[in-house]
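Asker: build me a model:
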Amino acid sequence: MPLLKNGEIMPDSWMVIEGDVPSPLPPESVIVPFAHLSEIDINTISHPLGVLFPCDQDVDALKPYVDRLELIVLQFPAFKDGRAFSQARKIREQLKFMGELRATGHLLSDQYQFLIRVGFTTVSVPDTANIQSWQKAMHDFTEAYQPSVLGEKRLSGLRWKV
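Answerer: Okay, the predicted model is just below:
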């Protein structure tokens, strides 16, 4: 799957471990399922560690680990399921996570700006995705009414002036 960052394709150096986590972990950047994160002594790991976090969990469960994680992957299991948008915002604003936040799953290019505005830094898109439509979507809107984690200036009250 292509990985987009700021609208550009970038290499994905992370290895995803599915199912049971081997002990010891491979000496490379690994993503482990959240269900198995408690089995790992993260204080002894010297390589980058990421977690695949399910959308049906409260992100507060990440608090004990957030300082040691370099990547959090949030899943969109279905197009109609937007819980990961809320999770991302909470991870950025309340948990103060500064690492890479990746979106994966059933996503549309029309959602790209919204993904960025809630704190995602990378998006894993399907191999069949039209990358040009994702790149275009990044610049479809230049102004916003809603606040975001980006802290940019909003068009507050502009609709009342028109």
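Asker: quick check: pLDDT value at the residue positioned nearest the centre of the chain.
Answerer: Central residue of the chain (C-alpha atoms, centre = their mean): residue 102, 2.6 Å from the mean position. Here, the pLDDT recorded for residue 102 equals 97.
Asker: would you agree it is in contact with residue 122?
Answerer: Yes - with contact defined as C-beta atoms under 8 Å, residue 102 counts as touching residue 122 (4.5 Å). Quick note: C-beta positions are derived from backbone N, CA and C, even for glycine.
Asker: how close does the residue nearest to the centre of the chain get to residue 74?
Answerer: The gap separating residue 102 from residue 74 is 7 Å, by C-beta to C-beta, to the nearest Å.
Asker: joint contacts of those two?
Answerer: residue 120 (C-beta atoms under 8 Å, 6 or more residues apart in numbering).
Asker: just for the chain, where's the confidence low?
Answerer: 137-162 (pLDDT under 70).
Asker: residue boundaries of the helices in it?
Answerer: Along the chain, the segments classed as helices by DSSP state H run 83-93, 112-117, 131-137, 158-161.
Asker: now find how far off-centre the first one is within its chain.
Answerer: Averaging C-alpha positions (C-alpha atoms, centre = their mean, to the nearest Å) puts helix 83-93 9 Å from its chain's average.
Asker: residue 48: which of the helices of the chain is closest?
Answerer: helix 83-93 (17.2 Å; C-beta to C-beta).
Asker: residues making contact with that closest one?
Answerer: Contacts for helix 83-93 (C-beta under 8 Å, 6+ apart): 53, 55-56, 59, 62, 66, 72, 74-76, 97, 101, 103, 105, 114-115, 118-120, 149.
Asker: can you rerun that using 7 Å?
Answerer: The contact list for helix 83-93 (C-beta atoms under 7 Å, 6 or more residues apart in numbering) reads 55, 59, 72, 74-76, 97, 101, 103, 114, 118-120, 149.
Asker: can you pick the most crowded of these?
Answerer: For the contacts of helix 83-93, counting by other C-beta atoms under 10 Å, the largest number of neighbours falls to residue 120: 28 neighbours.
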